[in-house]
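*Asks:* Coordinates for the following, if possible.
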Amino acid sequence: MDKHFILPVKTMLMVLATTVLIAITVACSEQPKPEVKMNDAKPADILGNPNYLAFSYGGYRERTRDAVPTVAQLKDDMKILSAMGIKVLRTYNTSQYAHAANLLKAIRELKNDDPSFEMYVMLGTWVEAKDSWTDKPIHNQGNVENNTQEIETAIAMVNEYPDIVKFIAVGNEAMVQWAAKYFVRPNVILKWVNYLQDLKKQGKIPTDTMITSSDNFASWGGGDKNYHTDDLVTLLNAVDFVSVHTYPFHDSHYNPKFWAGRTEEVNLTEKERIENAMVRAVDYAKSQYQSVLDYMKSVGVDKPVHIGEIGWASIDNSHYGNDGAKAADEYKAKLFYDKVREWTNTDGLTCWYFEAFDEQWKDFKNPLGSENHFGQINLNNEAKYALWDMVDAGTFDSLTRNGKPITKTYGGDFEAMMKDVMAPPLQSEMGILELNQTNDQLVTGEPITQTAYIVSHRGYTGISSDSTLPSQVIKLNPWEGTSAIEMTHDGVLEVVTGEGDWWGAALEIQGGVGENISNFENGNLHFEIKGATTSTFKIGFQTGRFAEGTQVNNFVEFGPDASRQLTSDWVSYSIPLADMNQGADLNDVTGIVFLRGDVQSDGKHIHLKSVYYTQD
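*Replies:* Numbers count the residues shown, from 1 in each chain. Below you'll find the predicted structure:
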């Protein structure tokens, strides 16, 4: 080898070091960057954790759910909610509309762009009875095609998005019996809960997915004893946690004892009366929550219980507005929201507050109806009073919805907002929705032996000295919100017929057992009636129960083409029960009086008073 080609040792070492350094640099540049792990909290770490605030969520902008929001629109919503500190959402359908599918895509895209982004979902499935939306739904059987598709779609979604879908709710208010057109018995919900729990055991869905059903407090055993069944107890044992709905807002009209101002509040300011009412409203929600815990304890069930829905609307033009309970406005909505969050966060409860954004499809025929106004942000991209502080703090800076920034309702003018706020009526100013005068000595279900049964009659004189009041409280129930009914303080029943394809209302015995008036078979129903409606309607009594398929309507007709005419003057009637009887079981009278219209009605009034039964 020629010596001119032999390098000094020092030079050789420098060359070697340089070569190694270049090789390391090249190798490093060719390797992929380490994968950044996305946020993926466990369901057990989310539930009850105040760092994971939750909302019920629907992103619909239009007057129909057929106009499904796009992935881009849903991403805008997710950014807004994330900025508010929201990390958990609850949805309502999986397969009937593409909303849930688009939502999961939106969250996934946001996580891909920013692995630190967190948003988790309780995936709701819509469950309904066989032959739902007909006159004869079969409540102890499910709509197999619909329910199977909803559940199977949920299974596919939780497997595709295990880092997002942490909970599955089988049914939304599917068991509550006022949902007369579609509700199911607990056995239908139980079938699908067990199915999902079995899939977890088999590893066919993520094993830490939590399964529940989201329903009214009464459906979970906290209300009428009609709900207390063996299947319900089995269901309570089958779910991973219980998701309870409670709505003091609605009961400000339907059960207003907690809501109306007390006599001693007459000298308080309106703000003081409102503050007291909102404290009572939250206490009312707590009592319904507690009623579920009490029932569960009574049947030996120990499961976590969280709030699946609770909310307060900001606008209403009927029962809850300034012509009714005076409950709906943004000021009360903020007080309620703040107090509910304080309660649930302090007590370690997850609360899927209803809801994030206003949606107008819910009551599209009535834009000012309360169902359209439960959101914290309205359809004009305005944050309601509950979020004004966030707007001031810059929470929504650079964020938009439908291409527009988030501003404040009322232009941020507090005094302008307060002009739409009214204190709740005093108790003496509210209509009566329960008849609480009862005969404590009368046992419900046993034959009534007295010769007269008084439903509503001031003074009870001139009827019979041998008379009785009802054995239980009588509730005035406007069926499915199709009508309005209340009693004035001078004893007059006022019914508004509604303006839909049908309407109905009844005076219903509470307690789960009907009144036994079998001794009145040859007797009469007496009342005085007048009104302004020109609609044809039925009036009579009900036996049995709609939810059990045993209900019978026993009636006579009033109307322009009927033999009995309604006039603007009081007219007295004594109608033989035999003339009304359509196959009644007089041992089980559940609707002491009912009214129903089955043709297009005019929304005008009917008035009744001096209502009672006699044996002859």
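
*Asks:* And the helix or strand where I539 lies, what does it pack against?
*Replies:* Per DSSP states H and E: I539 is located in strand 537-543. For strand 537-543, the packing partners by 3 or more CB pairs under 8 Å, 6 or more residues apart in numbering; DSSP states H and E come out as strand 524-531, strand 552-558, helix 577-580, strand 589-597. Every residue, glycine included, has its C-beta placed from N, CA and C.

*Asks:* how much does the last one deviate in direction from strand 552-558?
*Replies:* Strand 589-597 and strand 552-558 meet at an angle of 40 degrees, taking axes from the mean of the first three to the mean of the last three CA atoms, to 10 degrees as the criterion.

*Asks:* if I look at the nearest residue to H228 once chain neighbours are set aside, how far off is T229?
*Replies:* Of all residues not flanking H228 in the chain, G221 sits nearest, at 5.9 Å (CB to CB, 6 or more residues apart in numbering). Look at G221 and T229: by CB to CB, to the nearest Å, they are 9 Å apart.

*Asks:* Same check on W502?
*Replies:* Distance, W502 to T229, using CB to CB: 30 Å.

*Asks:* Assumed A277 was part of a helix.
*Replies:* Yes: assessed with DSSP: H, G, I helix; E, B strand; the rest coil, A277 lies in a helix.

*Asks:* ok, now how distant is it from M430?
*Replies:* Plainly put, A277 is 12 Å away from M430 if you go by CB to CB.

*Asks:* Please identify which of those two sits among more neighbours.
*Replies:* For A277 versus M430, neighbours defined as other CB atoms under 10 Å are more numerous around A277 (25 against 21).

*Asks:* how does the protein divide up, domain by domain?
*Replies:* Per the record, the chain has its domains at 43-418, 431-614, by automatic domain parsing.

*Asks:* Confidence-wise, which of those domains is weakest overall?
*Replies:* Of all the domains of the chain, mean pLDDT reaches its minimum on domain 431-614 (a mean of 91).

*Asks:* For that domain, measure first residue to last.
*Replies:* Terminal residues of domain 431-614 lie 27 Å apart, using CA to CA, to the nearest Å.

*Asks:* How far does that domain sit from its chain's centre?
*Replies:* Taking the mean of its C-alpha atoms, domain 431-614 sits 28 Å from the chain's own mean (CA atoms, centre = their mean, to the nearest Å).

*Asks:* what's the burial count for the nearest residue to G445 once chain neighbours are set aside?
*Replies:* What sits nearest to G445 in space, not counting adjacent residues and going by CB to CB, 6+ apart, is V513, at 4.6 Å. By other CB under 10 Å, 18 other residues sit near V513.

*Asks:* Assess the claim that T212 and A169 are in contact.
*Replies:* Yes: here T212 reaches A169: they are 5.3 Å apart, a contact under CB atoms under 8 Å.

*Asks:* and the residue lying closest to G500 once chain neighbours are set aside, what does it touch?
*Replies:* Ranked by CB to CB, 6+ apart and with sequence neighbours excluded, the top spatial neighbour of G500 is T482, at 5.7 Å. With contact set as CB atoms under 8 Å, 6 or more residues apart in numbering, T482 has these partners: G498, G500, W502, W503, G504, A505.

*Asks:* Export the residues you listed to TSV and append columns for neighbour count and distance to T207.
*Replies:* Formatted as TSV, the contacts of T482 follow (neighbours: other CB atoms under 10 Å; distance: CB to CB, whole Å):
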residue	neighbour count	distance to T207
G498	24	50
G500	15	47
W502	15	48
W503	27	49
G504	24	47
A505	26	49
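
*Asks:* Take those and write them to TSV, including distance to N581.
*Replies:* Below are the contacts of T482 laid out as TSV (distance: CB to CB, whole Å):
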residue	distance to N581
G498	27
G500	28
W502	22
W503	23
G504	19
A505	21
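
*Asks:* wait, which of the residues you listed is closest to A547?
*Replies:* Closest approach to A547 among the contacts of T482 (CB to CB): G504, at 14.8 Å.

*Asks:* so which helix or strand takes in the closest residue to H319 other than its chain neighbours?
*Replies:* Leaving out its chain neighbours, the residue that sits closest to H319 by CB to CB, 6+ apart is H253, at 4.0 Å. Taking DSSP H and E as the definition, one finds H253 inside helix 248-254.

*Asks:* same thing with L104?
*Replies:* Assigned by DSSP H and E, L104 falls within helix 99-113.
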